[in-house]
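Provided below are the primary sequence and the corresponding predicted coordinates.
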Amino acid sequence: MAQPVKPHPLFARFYATLAGPALEKAGIAEHRRRLLAGLTGEVIEIGAGNGLNFPHYPPEVTRVVAVEPEPNLRALARDEAHRAPVPVEVEAARAERLPFPDASFDAAVVCLALCSIADPGTALAELHRVLRPDGRLRFFEHIQAGSPAVRRVQRVLDATVWPRLMGGCHTGRDTRSAIIAAGFTLTAVDRFDFPRTRIPMPAAAHILGTAVRPGPKGTR
């Protein structure tokens, strides 16, 4: 049985009032648009936070089910859902145990969330389960750094203060490998630093891309 979610009211307030707006000012909206461009049909988004992706869903999306376990962020997401250009339902659930039948969605979105999910491998397996054959996974995540020196810093931070201060976030997860291990086939991956700064930041390395849940052999 999944463990109950511990609320993070201080982090939720920090993200909604400071971190989120700072990322928007740094230009993250363009990456959000790239993440969601071309989606159609029914979409599940896990770790929806306070709903910053909602304004960027294209009109071809007929339904978004946004999963957010943290109650303070979820309340903000429900407010944002009323202003979204597409129908959005905000649900209280854990990504590791999604309350939806197999093959329920045409696409899945995970954005800056796998770093904070307690068991990202199980969460990705759940997304694989609820996607229809040939359904697409769109992902935008900060990841393990390319530099050995920065990776050492990430390991120290992840073992000490970073998850405690940042709502469970980890700076150095190998998300690309985790997506493949969950059974997805990568079709496009863009790796870049965001935001771009002169001083290397522990959570600057990002990937944005698409993976597919393969259908039965002989189908597309």
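That came in fine, so what should we check first? Residues are numbered from 1 along each chain as shown.

When you work out contacts or count neighbours from here on, use the C-alpha atoms and nothing else.
OK.

partners of the helix or strand where Asp106 lies in the sheet?
Element membership of Asp106 [criterion: DSSP states H and E] is strand 105-111. When sheet partners are counted by DSSP bridges, strand 105-111 sits next to strand 41-46 (parallel), strand 131-142 (parallel).

Using JSON lines, lay out those strands together with mean neighbour count and distance to Ala211.
As requested, these are exported to JSON lines (neighbours: other C-alpha atoms under 10 Å; distance: least, C-alpha to C-alpha, whole Å):
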{"stretch": "strand 41-46", "mean neighbour count": "22", "distance to Ala211": "14"}
{"stretch": "strand 131-142", "mean neighbour count": "24", "distance to Ala211": "5"}
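
and Val61, which of those strands is closest to it?
Minimum separation from Val61 across the strands paired with strand 105-111 (C-alpha to C-alpha) falls at strand 41-46, 4.7 Å.

which stretches of the protein form helices?
Along the chain, counting by DSSP state H, helices occupy 9-14, 20-25, 28-36, 71-81, 120-130, 148-159, 162-165, 175-181.

Would you mind finding the most buried of those helices?
helix 120-130 (a mean of 22; mean count of other C-alpha atoms under 10 Å).

low pLDDT regions in this protein?
Within the chain, the segments meeting pLDDT under 70 span 1-9, 14, 18, 217-220.

isn't Ala16 right up against Leu52?
No - in this structure Ala16 lies outside contact range of Leu52 using C-alpha atoms under 8 Å: 9.5 Å.

Nearest to Ile199, out of the helices of the chain?
Among the helices of the chain, the nearest to Ile199 by C-alpha to C-alpha is helix 148-159 (11.0 Å).

any idea how far Phe139 is from Leu112?
The gap separating Leu112 from Phe139 is 8 Å, by C-alpha to C-alpha, to the nearest Å.

ugh, wrong one, Pro87
21 Å.

With Pro216 instead?
In terms of C-alpha to C-alpha, Pro216 sits 23 Å off from Phe139.

Please apply the same query to Pro21.
Distance of Pro21 to Phe139, given as C-alpha to C-alpha: 20 Å.

do Asp119 as well
From Asp119 to Phe139 the distance is 16 Å (C-alpha to C-alpha).

so who does His142 touch?
Contacts here follow C-alpha atoms under 8 Å, 6 or more residues apart in numbering; on that basis His142 touches 112, 115, 171-172, 203-207.

Mind doing that once more with 10 Å?
Residues in contact with His142 (C-alpha atoms under 10 Å, 6 or more residues apart in numbering) are 111-115, 170-175, 191-194, 202-208.

Could you give the bridge partners of it?
His206.

Compute the distance between it and Pro59, please.
From His142 over to Pro59 the distance is 27 Å, taken as C-alpha to C-alpha.

before we move on, the earlier item: among the helices of the chain, which comes closest to Arg97?
Closest among these, using C-alpha to C-alpha: helix 120-130, at 6.8 Å.

Mind giving me the packing neighbours of that closest one?
For helix 120-130, the helices and strands in contact under the criterion 3 or more C-alpha pairs under 10 Å, 6 or more residues apart in numbering; DSSP states H and E are strand 41-46, strand 105-111, strand 131-142, helix 175-181.

quick one: which of these is nearest Glu96?
Closest among the helices and strands packed on helix 120-130, using C-alpha to C-alpha: strand 41-46, at 9.8 Å.

what's the spacing between the closest one and its chain's center?
Here strand 41-46 is found 12 Å from its chain centre; the criterion is C-alpha atoms, centre = their mean, to the nearest Å.
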